Structures are given as structure tokens and as C-alpha cells.
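Engineer: Build me a structure from this.
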Amino acid sequence: MLYIMRHGKTEWNELHKLQGRTDIPLNEEGRQMAKIAGEKYKDINFDVCYCSPLVRAKETAKLVLEGRNVPIIYDDRLKEMSFGIYEGMENPAKATDSPIRTFFKEPEKYKGVKEGETFYELFKRTGEFLKEVVMPDLNEGKDVLIVGHGAMNSSIVCQIRNLPLSKFWDAGIENCKLMKLK
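Structural biologist: Below you'll find the predicted structure:
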């Protein structure tokens, strides 16, 4: 089985700031969310956890899997999408003149931003990760957990479920909620 989970909440989530690659830790609520998720999902088997190396995902994975003998392997291809000069922007989906609004409202029209990443780049790196790492594990019958981020996880959902870019946000990737994909 393949499962994904988004990291717990951070201060920037609370402030509605665009995080992207900015390495923001969990806040206390986020840590509690991860601990609760660990208890809630304790009976689900995971043979391995692949995780973004960003601190908010690392903290989440460690708390969710605390007390379990599940290896956590970090991979740069699981980092959040880069939003370049827009990282740290408050309420980006509300700014009518921002390309980040397009990213959230009409993802199929998003072209990327200065110093940021395009959907093509995001899908390329996560697709390679799925093909090179996850699929061989699944073919061996392993139960795989990926702990990551909203946009990065959505790219995995789109690829596994063969969804068009216009449906990028349809899965509704919630903090610390386990989603079974395959």
C-alpha cells in the first residue's frame, strides 16, 4: 500500500504565509497533531517512510512513527515546491495580481515564478521518485508512507490517480491526515 501525509501545522500555516522551501518548524499545535496522528494510525503497517528533508516534515514523521521500528529515509525530491521570491507572502491566493493566486485557483494556467519551480519540474522529480523508489517497494509488497507537503503530495496524487493539472488541489491534502493512494 502507498500512503501519504502532509506535515503538521506551522506558524506560517497559521499566518497564511506561503512556505515552499523555506524551512519552517512545526508549532506546538503541529506537534500535537503529529502525536495524535501517530496514535490514530498506530495499527496501520508501514515498512518504510520516505520523507522530505525539510524540518516540518521530518518532525512530523518522527512524531507519527515514534516507538515504531519504521526506517525514515529523507529524499530531496520530496521537498515542497519552490515558490522563489513569493515565499513568505501572506494570503497569496487572495492577491489578485499575484501568479500564486493562479497557482491555487487555476493551476493549469500557472507558469512558475522567478527563482521558483514549475509544475513540470515538480512532476519530473516526484515522478522519478515514484518510479525509482516507491514502485519497486510496492512491487515487493511493502507498505510505504510518504511524509511531505501540500503541493508536493498533490503532485504524487495526480500522478498515481492520473489526474489533470486542473484537478491538482481536488484531493484536499490536510495536515497530518493519512491518505491511502494505492
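
Engineer: Report pLDDT for Ile4.
Structural biologist: We have a pLDDT of 98 for Ile4.

Engineer: now Ile24
Structural biologist: We have a pLDDT of 97 for Ile24.

Engineer: Give me the three-state assignment for it.
Structural biologist: Secondary structure assignment for Ile24 (DSSP: H, G, I helix; E, B strand; the rest coil): coil.

Engineer: My read is that it contacts Glu11, right?
Structural biologist: Yes. Contact between Ile24 and Glu11 holds when scored by CB atoms under 8 Å: they sit 6.7 Å apart. (Each C-beta comes from the backbone N, C-alpha and C, glycine too.)

Engineer: Pick out whichever of those two has more residues nearby.
Structural biologist: Ile24 (19 against 15; other CB atoms under 10 Å).

Engineer: and that one, how far is that from Trp12?
Structural biologist: Using CB to CB, to the nearest Å, Ile24 is found at 5 Å from Trp12.

Engineer: if you go through this structure in chain order, where are the strands?
Structural biologist: With strands called from DSSP state E, the chain shows them at 2-6, 48-51, 72-74, 144-148, 179-180.

Engineer: Just say which of those is most tucked in.
Structural biologist: Ranked by mean neighbour count, the strands of the chain are led by strand 144-148 with a mean of 26 (mean count of other CB atoms under 10 Å).

Engineer: Contact partners for Phe119?
Structural biologist: 107, 110, 112, 155, 165, 168 (CB atoms under 8 Å, 6 or more residues apart in numbering).
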